[in-house]
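**Q** sequence plus the predicted model coming up.
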Amino acid sequence: MAPQTRAFSPLCWFGAPWGAAVCREVMRVKVPEGEACVYCAAPITWADGGFVTPLLTAEGHGHAVYHRACFLRAILPPDLAEEAERACEARW
Ligand SMILES: [Zn+2]
């Protein structure tokens, strides 16, 4: 499936598919190359995979981008985030 143009969605993903259900069930978007990951602040590169989520601020709505591993670290306890990332890598 080719990456699609970003549209407002509860959750989107980018990069190469890694075999998770999210890669089949959720909209894929273009890699947000150059945008800063909201978890680690490093810029997203063409080779990264990750997620785009809605972001609501006082100025309105926008989006937040995360590296895949950073997204897992943001939503899971550390031990589960590491386990989930290893599972993603094993499928890859
Ligand atoms: Zn990151």
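**A** In hand now; what should we look at?
**Q** show me what whichever strand or helix holds residue 51 pairs with in its sheet, parallel or antiparallel.
**A** Assigned by DSSP states H and E, residue 51 falls within strand 50-57. Within its sheet, and counting by DSSP bridges, strand 50-57 is paired with strand 12-14 (antiparallel), strand 60-67 (antiparallel).
**Q** would you turn those strands into JSON lines with mean pLDDT and distance to residue 76?
**A** C-beta here means a position set from N, CA and C on the backbone, and glycine is covered the same way. Listed next are the strands paired with strand 50-57 as JSON lines, based on pLDDT from 0 to 100; distance: least, C-beta to C-beta, whole Å:
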{"stretch": "strand 12-14", "mean pLDDT": "95", "distance to residue 76": "16"}
{"stretch": "strand 60-67", "mean pLDDT": "92", "distance to residue 76": "12"}
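**Q** and those strands, which is most packed in?
**A** Most buried of the strands paired with strand 50-57, by mean neighbour count (mean count of other C-beta atoms under 10 Å): strand 12-14, with a mean of 23.
**Q** circling back: and the strands paired with strand 50-57 as CSV, adding distance to the ion?
**A** Formatted as CSV, these follow (distance: least, C-beta to the ion, whole Å):
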stretch, distance to the ion
strand 12-14, 13
strand 60-67, 4
